[in-house]
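[1] With the input below, show me the fold.
(chains A, B, C and D)
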2 protein chains.
Amino acid sequence: MKDLIQHNPPHPGEVLLNLYLEPLSINVTEAAEKLMVTRPNMSAILNGRTGISPLMAMKLSKAFNTSPQLWLNLQHNYDLWTTLNSKENKRIIGSIKTLVLNRKR
Amino acid sequence: MKDLIQHNPPHPGEVLLNLYLEPLSINVTEAAEKLMVTRPNMSAILNGRTGISPLMAMKLSKAFNTSPQLWLNLQHNYDLWTTLNSKENKRIIGSIKTLVLNRKR
DNA sequence: GCTACCTGTAAAGTGTATGTTTACACTTTA
DNA sequence: TAAAGTGTAAACATACACTTTACAGGTAGC
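    Coordinates of the predicted model:
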């Protein structure tokens, strides 16, 4: 396992739209109602402008009979990727030194 | 798999302290330096008053040779548990209806 | 005693993010 | 034309990670 960070993972809203809403023919307005969020918020999630909160993950798990972790994992992989794609963050992380594996010296 | 939400999971700071810092005899001040955060922030993380951000997860994975997901998963399980332990959130989630499994009717 | 060090935490401020309400513009379809 | 669905912007409330600064308490050594 060399690289646990996906390469350009989809944002959770893309998965939600393609794999859950569209197959069930649920539009944005209806999804917002069923999940008890506003339509602008639902739109922002589906278009990747906002992330999946823990509460939203619980709602999705209830609505689609999944685990809440599924949605949080999608979110986290997306977050990690965007975190790593910042030059400033790369610099910071690159300067962190390993604190283990000091054996055999 | 009936219940994917742990019962009273530890906050990530507890794991960090007990399983990583203490075995290596690294104190709070030193950990803050190595991970490039302030001591108050490090203390807040270790005492569960603040969570693990994606960037912090990356730093921890670098320092302790783990996956960043390890830390984010700890954080998420903790978040889900605290989310579910709010009466208001329970009410909200309880009112979400399942959108699948409408077959055979 | 005094000093040095480690620790916890509070206050104030910054940046960022989710979420709401409201409103406007665009497209498609009946 | 009218209705419905959609994207998105502005303004606002709220929350959280994080910083700087400061203060108080504990512990170990002189």
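[2] confidence score at A:Thr38?
    Looking at A:Thr38, its pLDDT is 97.
[3] can you check A:Val100 too?
    74.
[4] Now do the contacts for it.
    B:Leu24, B:Ala63, B:Phe64, B:Asn65 (C-beta atoms under 8 Å, 6 or more residues apart in numbering or on different chains). The way it works is simple: take the backbone N, C-alpha and C, and place the C-beta from them, glycine included.
[5] how close does A:Glu14 get to DNA strand D?
    11 Å (C-beta to the nearest atom of the strand, to the nearest Å).
[6] helices or strands up against the helix or strand of chain A with the lowest mean pLDDT?
    Here the helix or strand of chain A ranked lowest by mean pLDDT, DSSP states H and E is helix A:87-94, holding a mean of 93. Helix A:87-94 is packed against helix A:68-84, helix B:54-64, with contacts defined by 3 or more C-beta pairs under 8 Å, 6 or more residues apart in numbering or on different chains; DSSP states H and E.
[7] Could you tell me how many residues sit around A:His7?
    Other residues within reach of A:His7, judged by other C-beta atoms under 10 Å in any protein chain shown, total 6.
[8] any idea whether it is helix, strand or coil?
    When classified by DSSP: H, G, I helix; E, B strand; the rest coil, A:His7 comes out as coil.
[9] quick one, what contacts it?
    Contacts of A:His7 (C-beta under 8 Å, 6+ apart): A:Trp81.
[10] if you skip the residues just before and after it, what's nearest to the residue nearest the centre of chain A?
    Chain A has A:Gln75 as the residue nearest its centroid, 1.3 Å off, counting by C-alpha atoms, centre = their mean. Setting aside the residues directly before and after it, A:Gln75 is nearest to A:Ile52 in space (C-beta to C-beta, 6 or more residues apart in numbering or on different chains), at 4.3 Å.
[11] And that neighbour, how far from DNA strand C?
    Applying C-beta to the nearest atom of the strand to A:Ile52 and DNA strand C gives a distance of 7 Å.
[12] Return the residues in contact with that residue.
    A:Ile52 touches A:Pro12, A:Ile45, A:Leu60, A:Trp71, A:Leu72, A:Leu74, A:Gln75, counting by C-beta under 8 Å, 6+ apart.
[13] any chance you could read off phi and psi for it?
    Dihedral pair for A:Ile52: phi -90, psi 120, per degrees, to the nearest 10.
[14] rewinding a little: the helices and strands packed on helix A:87-94: which one's closest to DNA strand C?
    helix A:68-84 (7.8 Å; C-beta to the nearest atom of the strand).
[15] roughly how far out does the closest one sit from the chain middle?
    Relative to the chain's own centre, helix A:68-84 is displaced by 4 Å; criterion: C-alpha atoms, centre = their mean, to the nearest Å.
[16] what's that helix packed up against?
    helix A:12-15, helix A:54-64, helix A:87-94, helix B:54-64, helix B:68-84.
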